[in-house]
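**Q** turn this into a model:
(3 chains)
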Amino acid sequence: MWNTDKEGFLGPTSSRSQSEKSMAVGILDVLPKEYGYIILTLAAYIFFNVYMQIQVGRARKKYNVLYPTLYATEADTKDYKLFNCIQRGHQNSLENMPIFFLLMVVGGLKHPIICSGLGLGYVVTRFFYFTGYSSGDPNGRLPIGGFNSLALLGLLVVNIWFAVSLVRA
Amino acid sequence: MWNTDKEGFLGPTSSRSQSEKSMAVGILDVLPKEYGYIILTLAAYIFFNVYMQIQVGRARKKYNVLYPTLYATEADTKDYKLFNCIQRGHQNSLENMPIFFLLMVVGGLKHPIICSGLGLGYVVTRFFYFTGYSSGDPNGRLPIGGFNSLALLGLLVVNIWFAVSLVRA
Amino acid sequence: MWNTDKEGFLGPTSSRSQSEKSMAVGILDVLPKEYGYIILTLAAYIFFNVYMQIQVGRARKKYNVLYPTLYATEADTKDYKLFNCIQRGHQNSLENMPIFFLLMVVGGLKHPIICSGLGLGYVVTRFFYFTGYSSGDPNGRLPIGGFNSLALLGLLVVNIWFAVSLVRA
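**A** Residues are numbered from 1 along each chain as shown, chains lettered A, B, ... in the order given. So this is what the prediction gives:
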């Protein structure tokens, strides 16, 4: 467990003495290795966000909705409702992103496997939320996409459980 | 301090040897137990966010503002300004959420009690920000709600202080 | 490395015994000292966000766009397009903020210097993104500001690299 590997943080830039260094424990020694799955799940979500950005960008071109317009009006395009559904599907995902990130980063410290699983469920249900919304019918976001709330709720429970076990430690 | 409890991370899935495991320190051993209050405060904010979502949803029904419309116009409802105040109260809270989360998660590592207190202040002042804004008069957000900036500023100071003490360590 | 300094977490409020405390390792002992640069870079971004808020606030006064209006229409001001460019420059920065924060906070645990450098690059390119957008020509955001995506991509690569090395550990 002593930090003797090359990736240890306490390199030459550290002000600690050599004798201390040989016994030091770094953050990589205390993080569960399964925390890597948390990071990979979050990376998957970021790629999914790029996918949504591309879809909105395509819709901008297709319906000629120019920057800086966020939501279109009838004056912009007769398909303004369809365009706004695509835009809103992305925006709603952006609005919930910080909560998802927070619960994964913190809850994953204690329950990395459970949180990675719930996180994967969130990414998949968010995909159906977006594609369902993009159909132009707002109700399309719900059949599978609506379960994203359930994934978030699961993550919230794990985090509260973690908090209580910390305080009681 | 050795990680012999059942919730330790270095279980059978770990590739480290048994002798190493018996001496290993996990993330739960290095986190201050008061970090649990940080997580509980953040959970409280997430519940408050659900409360705001419900209020906006109710206003959507009451004033018949259909998805995907974010902000209403006179064409949607004669109470469009009131609806937009409720919507904007929520949106402004969403916009500042990532900064609040970041400062709590990081600053709480060193000063968990101070940050939990400031965080609780943020949740309370944000409640008054939202309910004040929801009155339909934008100025209603300021009397108590305006102090949310002060709570954020306090958290920012704690984080910078933490950063400086880390670099100087 | 033993946690005997005054800033250690295991003070009188801890339920652990004195003998355990004398050997305990705190979070400050496992964090790389260079993580302070991560926090300072994030603090710089938060100050930059305040700067953008002030610019939008000034534009609200100048063009008389009253709360709760987010984006102006021709009915609000003849300069509605210019106002919307300033507003959109800020909003786009807000939308990408959680991803930036996440990648800095997590990736910085393993590669604090690289991530701080990329983070500084992000702050600078975002400044040009906002000021370029604020010119009133949406294309103004791209010449320098467009490189903010490259900084984010670099941070993403560092995070995935970190994740893989964790899982393989």
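
**Q** could you chop chain A up by domain?
**A** A:1-30, A:31-168 (automatic domain parsing).

**Q** highest mean neighbour count out of the ones you listed?
**A** Relative to the other members of the domains of chain A, domain A:31-168 carries the highest mean neighbour count by mean count of other Cβ atoms under 10 Å in any protein chain shown, namely a mean of 19. C-beta coordinates here come from the backbone N, C-alpha and C atoms, glycine included.

**Q** how far away is the nearest residue to A:V65 once chain neighbours are set aside from chain C?
**A** Spatially, and ignoring its direct neighbours in sequence, A:V65 is nearest to A:A72 (4.7 Å; Cβ to Cβ, 6 or more residues apart in numbering or on different chains). Between A:A72 and chain C the computed distance is 11 Å (Cβ to the nearest Cβ, to the nearest Å).

**Q** same question, A:G146
**A** Using Cβ to the nearest Cβ, which is the criterion applied here, A:G146 is 22 Å from chain C.

**Q** so that residue touches A:Y133, yeah?
**A** No. The pair A:G146 and A:Y133 does not pass the contact test of Cβ atoms under 8 Å, sitting 11.0 Å apart.

**Q** look up how far C:K110 lies from the closest residue to A:P68 other than its chain neighbours.
**A** Spatial nearest neighbour of A:P68, excluding adjacent residues (Cβ to Cβ, 6+ apart): C:R88 at 3.6 Å. In this structure, C:R88 lies at 35 Å from C:K110, with Cβ to Cβ, to the nearest Å as the measure.

**Q** just A:A44 next, same as before
**A** For A:A44, the distance to C:K110 under the criterion Cβ to Cβ works out to 19 Å.

**Q** cool, A:W161 as well?
**A** 27 Å.

**Q** ok so, going back, is it true that the residue nearest to A:V65 touches A:N84?
**A** Yes. Applying Cβ under 8 Å as the test, A:A72 and A:N84 come out as touching, 6.0 Å apart.

**Q** related to what we said a few turns ago, which strand or helix spans the residue nearest to A:P68?
**A** Counting by DSSP states H and E, the element that carries C:R88 is helix C:80-110.

**Q** other SSEs contacting that helix?
**A** In this structure, helix C:80-110 makes packing contacts with helix A:27-30, helix A:35-62, helix A:80-110, helix B:80-110, helix C:35-62, helix C:112-133, helix C:148-168, judged by 3 or more Cβ pairs under 8 Å, 6 or more residues apart in numbering or on different chains; DSSP states H and E.

**Q** so for it, what's the average pLDDT?
**A** What helix C:80-110 shows for mean pLDDT is 98.

**Q** tell me the contacts of A:C115?
**A** For A:C115, the contacting residues are A:I38, A:L103, A:M104, A:G107, A:G108, A:L155, A:V158, taking Cβ atoms under 8 Å, 6 or more residues apart in numbering or on different chains as the criterion.

**Q** okay if I get the residues you listed as CSV plus distance to A:G57?
**A** Formatted as CSV, the contacts of A:C115 follow (distance: Cβ to Cβ, whole Å):
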residue, distance to A:G57
A:I38, 29
A:L103, 29
A:M104, 27
A:G107, 33
A:G108, 32
A:L155, 30
A:V158, 35
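
**Q** out of the residues you listed, flag the one nearest to C:N139.
**A** C:N139 lies nearest to A:M104 out of those, by Cβ to Cβ, at 36.0 Å.

**Q** ok so, going back, can I get the domains of chain A in a markdown table including distance to B:N92?
**A** As requested, the domains of chain A are arranged in a markdown table below (distance: least, Cβ to Cβ, whole Å):
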| stretch | distance to B:N92 |
| --- | --- |
| domain A:1-30 | 35 |
| domain A:31-168 | 12 |
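
**Q** among those, which gets the worst mean confidence?
**A** Lowest mean pLDDT within the domains of chain A: domain A:1-30, at a mean of 52.

**Q** flag every residue of chain A that's near chain B.
**A** Taking Cβ under 8 Å from any Cβ of the partner chain, the part of chain A that reaches chain B is made up of A:1, A:15, A:25, A:29-34, A:71, A:81, A:84-85, A:87-89, A:91, A:95, A:98-99, A:101-102, A:105-106, A:109-110, A:112, A:133, A:138, A:156, A:159-160, A:162-167, A:169.
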